[in-house]
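# need the 3D shape of this:
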Amino acid sequence: MTTYLKLHTVQDHINAAFDELQEDGTFAAKAHQKEAQSLLSAAYQTIRENNREFAKSLSREDWFSIPHDLFQIREKHMRLFDKSFHEDLTRLVSLRGDFKNIEVVKPQPKNSELDKKQKQVIETVTDMIKRRTAQYHEAVELGRLFGGLPVSVTPHLVTNEYDTTFTRCFYYLNGKFTSLAVILAAAGKLEAEKVGA
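The predicted model follows:
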């Protein structure tokens, strides 16, 4: 569990939310998913607190219209926040949607062949990000790596409590969030079918 007292910025909260994920981009338990959502809501509270000065310029009706929690934010609410917060608000809403759709998968015993393939995928994705100098939210097409499956990934640069920065990725199959293990299993099955044909 995260110590909220150490978290000061929106990015601190986002990083802590990413720490709730397993290496394969899934949650090990519902409690981890709930904690990640709470951390994103706490990030929103930081924005809300920092928006107080701007909120003083709003009408009384608008001031009372400021959402109390992240799940209430809609596009129409953006005008209630200083423009400097719009990018972070949009990112939080997007991450909340992603985190809500992430599978809960109990950790399985290690499979050395699967671990090797996962490591290869993660290294390849990281290398592609570095070569393309893409921003964290740009999707990268990975069709060849997965034997022609329509897979894309959204990489996020994350810094943990030890100030180690690394890339955390969300994988999508046909535009639907899917764990890396499931994608690799599907790609392996398709490859085996090709060999057997």
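
# for residue 43, what are its contacts?
10, 13-14, 17, 70, 88, 92 (Cβ atoms under 8 Å, 6 or more residues apart in numbering). For every residue, glycine as well, the C-beta is placed using N, CA and C.

# narrow those to those in helices?
Judged by DSSP state H, the subset of the contacts of residue 43 located in helices is 10, 13-14, 17, 88, 92.

# returning to what we had before: can you redo the contacts of residue 43 as JSON lines, where the extra columns are distance to residue 153 and neighbour count?
Shown next, in JSON lines, are these (distance: Cβ to Cβ, whole Å; neighbours: other Cβ atoms under 10 Å):
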{"residue": "10", "distance to residue 153": "23", "neighbour count": "22"}
{"residue": "13", "distance to residue 153": "23", "neighbour count": "25"}
{"residue": "14", "distance to residue 153": "18", "neighbour count": "23"}
{"residue": "17", "distance to residue 153": "18", "neighbour count": "26"}
{"residue": "70", "distance to residue 153": "24", "neighbour count": "21"}
{"residue": "88", "distance to residue 153": "22", "neighbour count": "19"}
{"residue": "92", "distance to residue 153": "20", "neighbour count": "23"}
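
# could you name the helices and strands sitting against the helix or strand harbouring residue 124?
Element membership for residue 124 (DSSP states H and E) is helix 112-132. Counting contacts by 3 or more Cβ pairs under 8 Å, 6 or more residues apart in numbering; DSSP states H and E, helix 112-132 is packed against strand 140-141, strand 151-159, strand 165-173, helix 180-196.

# between those, which one is closest to residue 47.
strand 151-159 (18.4 Å; Cβ to Cβ).

# mind listing what's buried in the closest one?
By neighbour count with 16 or more other Cβ atoms under 10 Å, strand 151-159 contains the buried residues 151-156, 158.

# if we can go back for a sec, from the chain's centre, how far out does the helix holding residue 124 sit?
Taking Cα atoms, centre = their mean, to the nearest Å, one finds helix 112-132 lying 18 Å from the centre of the chain it belongs to.

# and for stretch 176-193?
Between the centre of stretch 176-193 and the centre of its chain there are 20 Å (Cα atoms, centre = their mean).

# so for that stretch, mean pLDDT?
Averaging pLDDT along stretch 176-193 gives 84.

# what residues does that stretch touch?
Residues contacting stretch 176-193 (Cβ under 8 Å, 6+ apart): 24-26, 98, 101-103, 105, 108, 114, 117-118, 121, 146-149, 151, 169-173.

# which among these count as buried?
Buried subset of the contacts of stretch 176-193 (neighbour count, 16+ other Cβ under 10 Å): 24-26, 98, 102, 105, 114, 117-118, 121, 146, 149, 151, 169-173.

# send the alpha carbons of the helix holding residue 124 over as CSV?
Extracted C-alpha coordinates of helix 112-132, given in CSV (Å, rounded to 0.1, in the frame of the first residue of the first chain):
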residue,chain,number,x,y,z
SER,A,112,10.9,-19.5,-18.3
GLU,A,113,9.9,-19.6,-22.0
LEU,A,114,7.1,-17.1,-21.4
ASP,A,115,9.4,-14.9,-19.2
LYS,A,116,12.0,-14.9,-22.0
LYS,A,117,9.4,-13.8,-24.6
GLN,A,118,8.0,-11.1,-22.3
LYS,A,119,11.5,-9.8,-21.7
GLN,A,120,12.1,-9.7,-25.4
VAL,A,121,8.8,-7.8,-26.0
ILE,A,122,9.5,-5.3,-23.2
GLU,A,123,13.1,-4.7,-24.5
THR,A,124,11.8,-4.3,-28.1
VAL,A,125,9.1,-1.9,-27.0
THR,A,126,11.6,0.1,-25.0
ASP,A,127,14.0,0.2,-27.9
MET,A,128,11.3,1.3,-30.3
ILE,A,129,10.3,4.1,-27.9
LYS,A,130,13.9,5.3,-27.6
ARG,A,131,14.4,5.2,-31.4
ARG,A,132,11.2,7.0,-32.2
